[in-house]
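**Student:** sequence and predicted structure below; questions after.
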Amino acid sequence: MSEKVLLQNRRPDRPATLEEYRASGGYQALAKVLGEMQPHELTQAVLDSGLKGRGGAGFPTGRKWSFLRADAPHPRYIIPNTDEMEPGTFKDRILVGCDPHQIIEGTILAGYANQAQRAIIFIRPSYEPEAELFEREFSRARDEGLLGENILGSGFDFDIALHRSAGRYICGEASAQVRAIQGERPRPDKEGHMTDSGLWGRPTIVNNVETLACLPHILRNGPDWFKGLAVSKGGAGTKLFGVSGMVAKPDCYELPIGTPLREIIFEHAGGMKGGAFKACLPGGASTKLLAPKDLDVAMDFEALAAIGHRLGTGAIIVFDEGACLVSACLNLVTFFARESCGWCTPCREGLPYMRHLLLKIELGEADEGCIDRLGELAKAMDHSYCGFAPGAAAPVIGLLENFRDELLEHVAQGCCPFKGN
Ligand code: SF4
């Protein structure tokens, strides 16, 4: 079994307490950093570690921080992104619920590196138990001098607040999240860099909570140790893989970056529950359906990109031979069409039309022309304003590339060949 880092304090029944987190080395990195390191040294260590963002995009964390100018105005903000709403994605909830102080410490470290004054954790309404847990543990951390004014007597002031979101999928996108916190309509905004002008026009860094949870470990054990956790060339660290669908043991597994997909599904997640493996979404609902021929891919950013896929959030959704992939894509596109922010036409109008075509195919009312139109429409999603629409089209593109026979079978039979399975 590989080394557990982020989930080392996971218990079956309750979150780790502050004392338990400390006993496992928690807050040692904070003491060391505040006592010995300058902010730019912390950024350099994160750059050296090769840490890439765990929220989906995989952008190098240290590089994101280095966009912040040394003379950028204050106050500056950190936004730990906990907003996960994509079907099949649940790893942030596990992480928050098992060891909240790991995220609190990571957030303070990010605050120190970027000389920020405040963090605002964005959390969705269905995560209310996690929101209450956070608020309790913020108080504990303040009582212990780990959060608030003059942290550990260092002169560094930093505090964390919570923002309970209204619960829309697009709020997971960083710029939409900033607008939501400001009380505005949450739509993506691609103008400028958030490190120049983010929350209330101030320099802002948005990092996923899994990314932030890696920081205490990198600072305590060193960038080389973190790099060495990966089992693929160029990878760094471990990754939380939320495995769901037709596997014997669906769960959140922490494994080295680069672990083969086949090993995750057939060893860690216990193999298939029903029939033989047919397909999976390797990195969440906005990644392409992957076929059995690609099961040996290493689960890291580069290896998946090399075969036209994305690691995304690492949510692996598994389908067996009895599953109708047209129906699965119909479900996903229905979700995405509902959650579109409606700002741009390809997404607002295109996703409902994709849904319409998929429904016709599923009901056996389509001809082959419908399949071609579906393909044209899915590709047109690249012309939308943000990454939401291409992400929504990704499973359908995988369906068309790898499972065209299944679409043709629906047309030829005039019904779903999997009905009754
Ligand atoms: S692609 Fe969709 S979510 Fe993104 S801005 Fe356009 S309408 Fe909004």
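**Tutor:** Happy to help now that I have it.
**Student:** dihedrals phi and psi, Leu229?
**Tutor:** Backbone geometry at Leu229, expressed as degrees, to the nearest 10, gives phi -70, psi -30.
**Student:** check Val247 too.
**Tutor:** In terms of degrees, to the nearest 10, the main-chain angles of Val247 are phi -110, psi 160.
**Student:** separation between the nearest residue to it once chain neighbours are set aside and Gly258?
**Tutor:** Computed as Cβ to Cβ, 6 or more residues apart in numbering, the closest residue to Val247 that is not its neighbour in sequence is Ala269, at 4.1 Å. In this view, the C-beta of every residue, glycine as well, is placed from N, C-alpha and C. Distance from Ala269 to Gly258, counting by Cβ to Cβ, to the nearest Å: 17 Å.
**Student:** please apply the same query to Glu365.
**Tutor:** 44 Å.
**Student:** more neighbours, the two?
**Tutor:** Taking neighbours as other Cβ atoms under 10 Å, Glu365 and Gly258 compare with Gly258 leading, 23 against 13.
**Student:** ok, now which ones touch the residue lying closest to that one once chain neighbours are set aside?
**Tutor:** Closest residue to Gly258 apart from its sequence neighbours, by Cβ to Cβ, 6+ apart: Ser232 at 2.5 Å. Counting by Cβ atoms under 8 Å, 6 or more residues apart in numbering, Ser232 touches Pro256, Ile257, Gly258, Ala298, Asp300, Glu302, Ala303.
**Student:** ok, the fifth one touching His309?
**Tutor:** Read it as Asp300. No - Asp300 is beyond contact range of His309, at 11.1 Å (criterion: Cβ atoms under 8 Å).
**Student:** which residue sits closest to whichever residue of the stretch 201-350 of the chain sits closest to the ligand, ignoring its sequence neighbours?
**Tutor:** Nearest to the ligand, among the residues of the stretch 201-350 of the chain, is Cys347, at 3.0 Å (Cβ to the nearest ligand atom). In space, and not counting its chain neighbours, Cys347 is closest to Ala389: 3.8 Å by Cβ to Cβ, 6+ apart.
**Student:** Three-state assignment for that neighbour, please.
**Tutor:** Here Ala389 is recorded as helix under DSSP: H, G, I helix; E, B strand; the rest coil.
**Student:** and Asn278, helix, strand or coil?
**Tutor:** Asn isn't right for residue 278; it's Lys. Lys278 - assigned by three-state DSSP - is strand.
**Student:** can you give me the pLDDT of it?
**Tutor:** pLDDT for Lys278: 97.
**Student:** okay, now it: neighbour count?
**Tutor:** When neighbours are counted by other Cβ under 10 Å, Lys278 comes out with 20.
**Student:** ok, it touching Ile317?
**Tutor:** No - between Lys278 and Ile317 there is no contact under Cβ under 8 Å: 11.8 Å.
**Student:** need the residues touching each of those two.
**Tutor:** Common neighbours of Lys278 and Ile317 (Cβ under 8 Å, 6+ apart) do not exist.
**Student:** how about Ile104: what's its closest non-neighbour residue?
**Tutor:** That would be Ala141: by Cβ to Cβ, 6+ apart, it lies 5.6 Å from Ile104.
**Student:** the one you found and the ligand, how far apart?
**Tutor:** Note on Ala141: its distance to the ligand, by Cβ to the nearest ligand atom, to the nearest Å, is 36 Å.
**Student:** could you tell me how far stretch 13-33 lies from the centre of the chain?
**Tutor:** With Cα atoms, centre = their mean, to the nearest Å as the basis, the distance from the averaged C-alpha position of stretch 13-33 to the chain average is 24 Å.
**Student:** ends of that stretch, how far apart?
**Tutor:** 33 Å (Cα to Cα, to the nearest Å).
**Student:** residues in contact with the nearest residue to Thr259 once chain neighbours are set aside?
**Tutor:** Spatially, and ignoring its direct neighbours in sequence, Thr259 is nearest to Met299 (5.4 Å; Cβ to Cβ, 6+ apart). Going by Cβ under 8 Å, 6+ apart, Met299 touches Lys239, Phe241, Leu255, Ile257, Gly258, Thr259, Pro260, Leu261, Ile264, Pro282, Leu311, Gly314.
**Student:** now do 7 Å
**Tutor:** Neighbour list for Met299: Lys239, Phe241, Gly258, Thr259, Leu261, Ile264, Leu311 [criterion: Cβ atoms under 7 Å, 6 or more residues apart in numbering].
**Student:** now Ile121
**Tutor:** Residues counted as contacts of Ile121 (Cβ under 7 Å, 6+ apart) are Pro80, Thr82, Phe134, Ile160, Leu162, His163.
**Student:** distance of it from the ligand?
**Tutor:** Counting by Cβ to the nearest ligand atom - Ile121 and the ligand are separated by 23 Å.
**Student:** secondary structure element for that residue?
**Tutor:** Per DSSP states H and E: Ile121 is located in strand 118-123.
**Student:** now do that strand, average pLDDT.
**Tutor:** pLDDT averaged over strand 118-123 gives 95.
**Student:** confidence score at Gly167?
**Tutor:** On the pLDDT scale, Gly167 gets 81.
**Student:** is it in contact with Arg124, as I believe?
**Tutor:** Yes - the pair formed by Gly167 and Arg124 meets the contact definition of Cβ atoms under 7 Å, at 4.9 Å.
**Student:** quick check: residues of the stretch 151-300 of the chain near the ligand?
**Tutor:** Ile170, Arg187, Pro188 (Cβ under 6 Å from any ligand atom).
**Student:** am I right that Leu162 falls within a helix?
**Tutor:** No - looking at Leu162 with three-state DSSP, it is strand, so not inside a helix.
**Student:** between the helix or strand Asp159 falls within and strand 118-123, how big is the angle?
**Tutor:** Assigned by DSSP H and E, Asp159 belongs to strand 159-164. Strand 159-164 runs at 30 degrees relative to strand 118-123, counting by axes from the mean of the first three to the mean of the last three Cα atoms, to 10 degrees.
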